[in-house]
Structures are given as C-alpha cells and as structure tokens.
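Colleague: Sequence plus predicted model, see below.
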Amino acid sequence: MTLTPEQRLTFWALADVLIPATDTMPAASEAGSAEKWLDRALAARPDLVSTLARVLDATDGTDPEAEARRLHAEDPDGFSALAQIASGGYYMNLKIRKRIGYPGQGKRPPFSDEAEYDLREGLLDPVLARGPVSATPPPPPDPVEPATLLSFSLSGNGDKADLVVIGAGAGGSVAARHLAEAGFEVVCLEQGGWENASDFTGDKLEWELVADAQWSPNPNTRRHPSDYPLEVSGSPITPVMYNAVGGSTIHFAAQWVRLRPHDYKLRTLHGIADDWPISYEEMKPFYERIDQEMQISGMTGDPNYPPGPPPLLPPLPIGAIGRRAAEGMNELNWHWWPAAHAIRSQEVGNLAGCERTGTCMWGCPKGAKSSTDTTMWPQALAHGAKLVTGARVREITTNGNGLATGAIYVDRDGQDQEQKADVVIVAGNGVGTARLLLLSGGEEGIANSSGLVGKRLMLHPYMSVLGIYEDDLEGWLGPWGTQLLSLEFADHDPSRGFPLGAQWDVMPLGGPLFTLFRYDDLPFDERWGPTVHDLTESTLGHAFDWGVGIEDLPHESNTVTLDPELTDSDGIPAPRITFTIDDEMRANLDFQLARAQEAHEAAGAVKTIVADWSQWGWHLLGTARMGDDPATSVVDRWCAAHDVPNLYVLDGAVFPTAGPMAPTATICANSLRCTERLIERARLQPVPA
Ligand SMILES: Cc1cc2nc3c(=O)[nH]c(=O)nc-3n(C[C@H](O)[C@H](O)[C@H](O)COP(=O)(O)OP(=O)(O)OC[C@H]3O[C@@H](n4cnc5c(N)ncnc54)[C@H](O)[C@@H]3O)c2cc1C
Ligand code: SF4
C-alpha cells in the first residue's frame, strides 16, 4: 500500500510545516530525492500507511500549518503517523545525514588499544584509591555441598527423551548444551525460530524507524507469530522479551554482571525480604565457567565487585560518552567501572568482534553479541541435542504418581504433539514459565502447593536522566548496553528512607529519530518547525543517559496470572501482568534520578531531561521462587519443584530477590550449577515408569 499523488501533495505540505527550511537545512520536500526516501519510509512502516492516508484524505490542504497543529492537539495517532514517516524519510536521506554529521550506525570497529586509550591519564585512579563503597561486611560463606561424581543416563529411548527443555533462551540453552555434552538425550521445544544476523536492522538506514515497531522488544507491539500477547492493563510496566532460539538474549543489551555476595543475603544483613538458599560462593565457579562460555569482555579490579580471573576478552572501549561520565563521577568521588559485556570485543574463531554499531538491543547485525544462539546452541547441536522450533508448549503432562511425563506442544501446523521425557526443564522466563506452570496440572497449576507460582514478580523498574553536552561525544556509538556502570547507590542504606538501591549504566542515545523522540512531550512550537533542526544540532551525538534500574522487592501482589479472555494465536490463555510501582520504589527512583542529575551536572551537562522508561520491564524475575521450605517456595535450591521432583525451572523465575544487577549472568550460572547437579545425581533422579 502506498499514497496517491493527491495524498503525496498534501503530505509534503504538512511535512514542510514539521520540518521547514532554515538557512542551513532544507525543508522535508526539498531534501533531495525526497520521494524516494518517502517511499522507503512507507515501505519500512506499512503499519502506518492507512492511518497516514486517513489523515491526508481528511485534510484539504488550504492551511497546512493550522492542520498540522490541529492534528498535534486532537489526533495523536494521526499526528504520530505523519511525524514518523516525515522524520523517518528525512533522516534516512544520506544528504541530510551528511549535513548533520551523522554517519549512521554502520561499521566503526574499535582500534586495537582503544579501551586502554579511553582510560588514559589515570581516569580510574580515584575509583581505585577510594576502594569499596559499602561498609556492609560480606556475609559469612555458607558451606558448599561437595560435588558427587556420578554420571549416567536416564531411561530415554525411542520417542521418549531423557530430558525435555522448554525454551531455548538463556537458561534453557545452557542446560541443553551441558546435558547434551554429558551424553543425555535432550529435546528442546522452542516456540520461536532461528534468527539471522543479516536480518537485524541495526546497520540499515531504517533501523530507528522500525525499532519500536516490528523490531520492538515489546511483544504486544511486535506481534510476530512466535509471540504471545500480554494483558498489561494492571501494570505500568510491560515485560519485554524475545521468543526465538537464543530467547531474550537476541534483544538483550548484553550487560554482564554478577550478583555480589551480599545480594544473596538481604534478610541476614538487613532484615529485608529473603535470603537466597544458596550463597555467592556456591555460584562462583559457575559464574567463572559461564563467563568463558559466553565469551565475556571486561576488566577485573573493580573494588566493588567480587575478585576473580579476567574474562576471556579485553573490555570494550568506554568511548567519549563513558569518559565524560567518568570525569563527572570522579569529580563527586562516586564509583564507576568499565562495564563487562556478553559481546566479543575481538573475533573468536569465526565469530565476529564488535563494530560499535550501538544497536545491540535490536539484534546484533554483525553477529558479535554472545546471544545464546551463537554461544550455546552450536555446541548443544553438535553433541546431539534436538531442537524443535515453532513448538509452543501448552501443557506439562503428569502421571498419577506426582511426576512430570513430558509436554504437549502445538506445532507450526497447529497440531498438538507430545514429547515424553524422564525430566522436564522449564526455561520460558519469569512470565512464560509462570504461564506454563499455571496452564498445567489442573486448576491451581503444577508445582503450586505453596500458592506462589506467578507471585513475587520483579521487573527492575527503570528510568534515566539524559545529559546534553556542548562537545560532540559521538553519542551514537555502541555498545548499547552500557559503557560504564556505577554501584555507588546500589546497596541498602537505611538513612535514605527506602529499601535497597539501583545499578546505574551509561547508555548511548542512537541517531536522529531516537534523539528527537526525547523531545516528544514538548509543545508543538518547541518540538516542530525550525526548532527541529536546533534540537538535532544540540543533542545528536552530544548526549548520553545515566540509566537507573532499581532493585524492587518480591511482593506477592505483583503477579503473572492467566487472563480469562485474551489468548495467543493457538487459543492458549495469555498471561496477565499485575504490578504496582509502590511508594518505596517511587522514592528509590526519585532518589536515584536526583543523583544521576548531579552526576551529569558534575560532568558539565548543559541540560538534563528525565526519561520515564517504566513501560519497559527488561528483567522478568521471581515467579517460581527458589527456597528450602516447600511452604514458602516453588523450587528447591537445585531448582527442582518441591511438589514434582522431576520438574526443574532454570530461568529468572527462581530468583528469591532481584538484586540490583542485570540478571542474565546469574540466570546462566545458576542454570549451569543445577544442570551439573542433575547430571551428577542422574541415578538418584525420580523418573516416571
Ligand atoms: C531489550 C532487552 C534488553 C535486555 N538487556 C539485558 C542486559 O543488558 N543484561 C542482562 O543481564 N539482561 C538483559 N535483558 C534480560 C535478558 O534478556 C533475560 O534476563 C534473559 O534472556 C532471560 O533468560 P530466560 O532463560 O529466563 O528467558 P528468555 O531468554 O526470555 O527465553 C525464554 C524462551 O522460552 C521460550 N518459551 C516461553 N514459553 C514457551 C512455551 N510455552 N513453549 C515454547 N517455548 C516457550 C521463549 O520463546 C523464549 O525463547 C534484556 C532483555 C531485553 C528484552
Ligand atoms: S555488539 Fe552491539 S555495538 Fe557491537 S557490533 Fe553488535 S550491535 Fe553493534
């Protein structure tokens, strides 16, 4: 579908109101080959064409300025379609990009000692001189249970597997790989398919135009056939995720950070929420092994992080934005450290190194991100794991003896199929796993004698402060995840009047559309017309975010339940999310945002803008809690369900508390820890006859 000649005439009249000519910039219609770029924008966003056509047909063209203002005031959808196509075409135009000095998100590999160069002149010295931020002594280590060295097969044969893994994302991939390497017969059922790096849009001109449409991390926006819808009317936060081989690591920003020893012991140290039933010491060897397997880049020596061997690869450069942020933090004597990433800073074998396109959250077009489709699945498949894509599990089956017997899934042709197995591992993430447990085993769900399945949802509510600087900081350069992080306000401090804290991250801003989008809430005259060029000039490349993701507590009222009406394309009930950002979370967010503003000011920002990302729930945790007591937890310390001993949960659902850190290093390390135990104790594992 495209626009008629009459509609195009009206379009250009309106577009020139939004993006007019100035002394230095052409108007939208005069930008050179403007029709070509309009066609490209329309082709990238077919979902906007009918709304745009409606707007254009309803406009008589006599007074485009009055009409543009009316749309802005009265027809948000119509105005948004017009603005997105007009700006999308204009800023894709290579001549315009040249004029505004924006090279696009193309190839810009780091030079060999760039990471070191960015840290020149003793940038890290104040952080090292100050040492640990927190006065809290680390908790005493728990005794570590000695490993047993048994290894044998379960009873899989014919159409029955030893183990079925549901979900090929972070947790499920680690389990499938290690079980296959140990010689078990593993079948993995994944509702999505394989993704190709060449399909990701990050290095294409259309990237920003499609980033919050068909490539959105929000399944309700994206609506791929592999997605299931989320009912979110009861939550200010929409969980974001990706459903494919590699799961949400396809979209993740690849910050790679462990929970620290005291994050496991909130109750012991501060009387808050709960302790994990396991300690950092039990996790440490698995963190170290998973760091190698996930090909982590980073640097050791952070006084606020547990010591250990260096990651496989050197760190990525912190870039000009990281350097500027660090200078501000040094001014305040606040903690920061170059971030570790699940991104290859260099080539590894035939796997690519990072080219700093800065589009990691929309899939890495260079194949440099260590999403688990590239790090775990090749090994799993080479060792005989069977991966069934397009397989949406509707139910975990059980026998009369309280054991799981396998899973029923809907295949791509809409037919029900059954996969029998001795052991069932669920790794569908904190939303998908809770949904599946509630869909199985009768009215109350499977493994739910505690009543906690789907409860205690934690999402790490997230906001940011954008700082705008006079200097050109090449603020579009990646990685997107974080150039550096700060743990200055990560820990609990009772004097602040709210529990817990937040991890902070420096994030780039992207290109012109992402830049201008930050001004969308402004009145018409401060956002459109000649001002649009001023905003681009002052902000594009000159800005970065200090993002703050707070540690939220596991409240039983924050839940995943089954929606009574909404279903996915196979007619399976969709999850309903209920979540409240309570007064304590609000106070934590407000405190962190005020400090982030100070950090920007100390770094010389000329302007700051608070951005509310609370729509986005990146981390899906807590809905099948791990614990020693079956009355107050769903799975035990090895992530086997208390009620169903051959049913395991190996994803973020098992987190008793969220910690302030991004969770995937812990999800993967914990999956490895429990998988190894399963392998070692296979002989003792109860299985169905
Ligand atoms: C945009 C974005 C940015 C992020 N950034 C970071 C970051 O920088 N650092 C970090 O640590 N974390 C980050 N995360 C979070 C990270 O991606 C997740 O923590 C991690 O992938 C969760 O692993 P998982 O195994 O629990 O689930 P997932 O990786 O989500 O995998 C679950 C898989 O299960 C499949 N599945 C679910 N239900 C079914 C079913 N019924 N049948 C068949 N298959 C099913 C899904 O299709 C999916 O592939 C980010 C996430 C997003 C979306
Ligand atoms: S990892 Fe991120 S910054 Fe690096 S090449 Fe991939 S998308 Fe670009």
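Modeller: Received the coordinates, thanks. Being a predicted model, the structure only gives us computed values, none of them experimental. Ligands and ions are numbered 1, 2, ... in the order given.

Colleague: residues from the stretch 201-350 of the chain in reach of ligand 2?
Modeller: G202, I343 (Cβ under 6 Å from any ligand atom). Glycine gets a C-beta too; all of them are placed from N, C-alpha and C.

Colleague: Would you mind listing what in the stretch 201-350 of the chain touches ligand 1?
Modeller: Proximity of the stretch 201-350 of the chain to ligand 1, by Cβ under 6 Å from any ligand atom, involves residues 217, 240-244, 247-249, 251-255.

Colleague: one more time with 8 Å, if that's ok
Modeller: 217, 226, 228, 240-249, 251-257, 342 (Cβ under 8 Å from any ligand atom).

Colleague: Among those residues, which ones are in strands?
Modeller: Secondary structure from DSSP state E places none of these in strands.

Colleague: burial count for Q419?
Modeller: Q419 sits with 23 neighbouring residues when counted by other Cβ atoms under 10 Å.

Colleague: one step back: just the residues of the stretch 201-350 of the chain next to ligand 1: which are in helices?
Modeller: The helices in this structure, assigned by DSSP state H, contain none of these.

Colleague: Can you name the residues bridging to the closest residue to C188 other than its chain neighbours?
Modeller: For C188, ignoring the flanking residues on the chain, the nearest one in space by Cβ to Cβ, 6 or more residues apart in numbering is V165 at 4.3 Å. Counting by DSSP bridges, V165 forms beta bridges with C188, I425.

Colleague: How about the contacts made by the residue minimising distance to the centre of the chain?
Modeller: In the chain, the residue lying closest to the centroid (Cα atoms, centre = their mean) is F252, at 3.9 Å. Applying Cβ atoms under 8 Å, 6 or more residues apart in numbering, we find F252 in contact with A342, C360, M361, S371, G481, W618, T664.

Colleague: and the residue of this protein nearest ligand 1?
Modeller: G169 (1.8 Å; Cβ to the nearest ligand atom).

Colleague: For stretch 646-653, give the mean pLDDT please.
Modeller: Averaging pLDDT along stretch 646-653 gives 98.

Colleague: Let me fix that, I meant to ask about stretch 125-138.
Modeller: On average, stretch 125-138 scores 84.

Colleague: which parts of that stretch are buried?
Modeller: Neighbour-count burial for stretch 125-138, counted by 16 or more other Cβ atoms under 10 Å, picks out P126, V127, V133, S134.

Colleague: ditto for stretch 594-609
Modeller: Buried residues in stretch 594-609, counted by 16+ other Cβ under 10 Å: R595, A596, Q597, E598, A599, H600, E601, A602, A603, A605, T608, I609.

Colleague: Which ones among these also lie next to ligand 1?
Modeller: Among the buried residues of stretch 594-609, none lies close to ligand 1 by the criterion of Cβ under 8 Å from any ligand atom.

Colleague: M507: which of the residues you listed is nearest?
Modeller: When the buried residues of stretch 594-609 are compared for distance to M507 (Cβ to Cβ), A596 wins out at 11.5 Å.

Colleague: and the residue of the chain closest to ligand 1, what is it in contact with?
Modeller: Applying Cβ under 8 Å, 6+ apart, we find G169 in contact with G246, G247, S248, T249, T372, A427, G428, N429, D651.

Colleague: Swap in 7 Å and give it another go.
Modeller: Shown in contact with G169 (Cβ atoms under 7 Å, 6 or more residues apart in numbering): G246, G247, S248, T249, T372, A427, N429.

Colleague: ok, the residue of the stretch 201-350 of the chain found nearest ligand 2 - contacts?
Modeller: Nearest residue of the stretch 201-350 of the chain to ligand 2: I343, at 4.3 Å (Cβ to the nearest ligand atom). Counting by Cβ under 7 Å, 6+ apart, I343 touches A254, S297, L316, C354, A368, K369, S370, P479.

Colleague: Tell me the spacing between it and N558.
Modeller: 31 Å (Cβ to Cβ, to the nearest Å).

Colleague: now P508
Modeller: For P508, the distance to N558 (Cβ to Cβ) stands at 31 Å.

Colleague: and D471, how many neighbours does it have?
Modeller: D471 has 11 neighbouring residues, counting by other Cβ under 10 Å.

Colleague: What backbone torsions are found at it?
Modeller: Phi and psi for D471, reported as degrees, to the nearest 10, are phi -80, psi 150.

Colleague: low-confidence ranges in the protein?
Modeller: Along the chain, the model assigns pLDDT under 70 to residues 135-158.

Colleague: Around ligand 2, pick out the residues from it.
Modeller: Selection of the chain residues close to ligand 2 by Cβ under 8 Å from any ligand atom yields 105, 200, 202-203, 254, 316, 341, 343-344, 352-360, 362-369, 477-481.

Colleague: buried subset of these?
Modeller: Applying 16+ other Cβ under 10 Å to these, the neighbour count classes 105, 200, 202-203, 254, 316, 341, 343-344, 352-360, 362-369, 477-481 as buried.

Colleague: so after the strand or helix carrying L14, what's the next helix or strand?
Modeller: L14 is part of helix 5-18, with elements assigned from DSSP states H and E. Once the chain leaves helix 5-18, the next helix or strand it forms, by DSSP H and E, is helix 34-44.

Colleague: what comes into contact with the helix or strand following that next one?
Modeller: Proceeding N to C from helix 34-44, the next assigned helix or strand is helix 46-57, under DSSP H and E. For helix 46-57, the surrounding residues in contact (Cβ under 7 Å, 6+ apart) are 1, 3, 7, 10-11, 42, 71, 75, 77-78, 81-82, 84-85, 213.

Colleague: circling back: please say which of P508 and N558 ends up with more neighbours.
Modeller: Neighbours were counted for P508 and for N558 using other Cβ under 10 Å; P508 has more, 29 against 25.

Colleague: wait, what's in contact with the more buried one?
Modeller: P508 makes contact with I321, G358, G475, W476, L477, G478, W480, F544, according to Cβ under 7 Å, 6+ apart.

Colleague: just curious, which of those residues is nearest to ligand 2?
Modeller: Set against ligand 2, the nearest of those by Cβ to the nearest ligand atom is G478 (2.8 Å).

Colleague: contacting residues for the closest one?
Modeller: Applying Cβ under 7 Å, 6+ apart, we find G478 in contact with R356, T357, G358, T359, C360, P508.

Colleague: Please tell me how far it sits from A665.
Modeller: For G478, the distance to A665 (Cβ to Cβ) stands at 20 Å.

Colleague: Check G367 too.
Modeller: G367 is 21 Å from A665, where distance means Cβ to Cβ.
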